[in-house]
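Colleague: Sharing a model that was predicted from the sequence below.
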Amino acid sequence: MDFNLTEDRQMLSDTVRRYLADQYDFETRNGVIETAPYHSPAKWAELSELGLIGAFVSEAQGGFGGAGFDITTVFEELGRGLCPEPMLAALMSVRAAADCGADALVEEAISGAKRLAMAVFEPDADSLSLIRTSADQSSGSWVLNGRKSVVYGLPDADGALVAARTNTGIGLFLVEAPETIDYAMINGGGAGELILDNSPGTCLRENADDIIEAALDAGRLALCAEAVGVMDVLVDMTVDYLKQRKQFGRPIASFQALQHRAVDMAIEIEQCRSITILAASKLGTDEAGKYIAMAKNLIGRTGAMISEESIQLHGGIGMTWEYPGSHFAKRLAMIDHQLGDRYAQLQRVMGA
């Protein structure tokens, strides 16, 4: 099997990497992650102009990609750059909108004219079967009531795609100018609570269970690829530090025990890369959920190991705000918890 990127995907990867290196350095990131909307609208517009969102849907749906490998190509580079822009929300919402046939909405999302979030889970509902948010028709119009929790990319979003219960199942609705309670996540980027109180909504699909699950799985695959990018950079930083830090008159990288620990980290990353490639190849098939759950479970376990090892090998500096490594380690911890942690994914595999 050829694991090399196609020419088009290599160009996409190079474009994202160059942009983040030139325009979104560590200082720029830290300058936006603590104040609303917890990302840079100007940088978001530039990323949209680069066509990143168009890579998430097929040509037939108005984009230029849509395959699992298009998603992993973009998100691995976002992980390398530790980019806090709400690209995960854009991915899930544009794929859900495309699968619902909302062509005009997809076009606006791809161009950057409208930024959307995907609101699925609730404080006491971590699966579609437990959703309590209701959608009812009144005089031919839909109104929604309920609350959505930890909606990624919600601050300053133009609208949200909301999963709500109808008389026939779980539907997907567009709520524009939603009422929100916004906050920053611990690793950068924004999320929020979505408050629905007789809020008007546009029905995209009344029975959208499969569409919502497919969008969530695309998001989980993206997180796996992002984690691989984060791990790559964090291990490289750790090895560089071992080469520079001296003890007993020589670089500590010369100590065999530390070399073995660095090699163990590198091996684990390659395992994560391989299973992410496998999961990407299954996106869009009946087996996608199982393989993506397997990948995210391994990513969660390995991410914890890489974070802990890198901090231990750095010593005290590895935990400081000023050192980028601590932020990469924190991002790995958050990725495990987003869209279902390693234990939730294990349960999905066991039930598959």
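Modeller: Looks like it arrived, so ask away.

Colleague: dump the residue contacts of residue 113.
Modeller: When the contact criterion is Cβ atoms under 8 Å, 6 or more residues apart in numbering, residue 113 has no partners at all. For glycine as for every other residue, the C-beta is placed from the backbone atoms N, C-alpha and C.

Colleague: right, and the secondary structure at it would be what?
Modeller: The three-state label for residue 113, taken from DSSP: H, G, I helix; E, B strand; the rest coil, comes out as coil.

Colleague: Need the pLDDT of it.
Modeller: Residue 113 is assigned 94 on the pLDDT scale.

Colleague: Give me the phi and psi angles of it.
Modeller: Main-chain dihedrals, residue 113, degrees, to the nearest 10: phi -70, psi -30.

Colleague: just residue 193 next, same as before
Modeller: Backbone torsions of residue 193, given as degrees, to the nearest 10, read phi -100, psi 140.

Colleague: Repeat that for the one 10 residues further on.
Modeller: Reported as degrees, to the nearest 10, the phi and psi values for residue 203 are phi -80, psi 120.

Colleague: Mark out where each domain of this structure begins and ends.
Modeller: The chain is divided into the following domains under automatic domain parsing: 7-114, 117-207, 211-351.

Colleague: So which residues make contact with stretch 12-19?
Modeller: The contact list for stretch 12-19 (Cβ under 8 Å, 6+ apart) reads 5, 46-47, 50, 52, 55, 70, 73-74, 76-78, 80-81.

Colleague: State the pair within those residues that is farthest apart.
Modeller: The most widely separated members of the contacts of stretch 12-19, counting by Cβ to Cβ, are 5 and 46 (22.8 Å).

Colleague: On the three-state scheme, residue 194 is what?
Modeller: Quick answer, by three-state DSSP: residue 194 is strand.

Colleague: whoops, residue 145 was the one
Modeller: At residue 145, secondary structure determined by three-state DSSP is strand.

Colleague: Hmm, it is touching residue 194, no?
Modeller: No: taking contacts as Cβ atoms under 8 Å, residue 145 lies outside contact range of residue 194: 11.6 Å.

Colleague: More neighbours: the two, which one.
Modeller: Taking residue 145 and residue 194 together and counting by other Cβ atoms under 10 Å, residue 194 has the greater number of neighbours (25 against 15).

Colleague: residues contacting the more buried one?
Modeller: For residue 194, counting by Cβ under 8 Å, 6+ apart, the contacting residues are 117, 119, 147-148, 151, 154, 160, 162, 175, 178-180.
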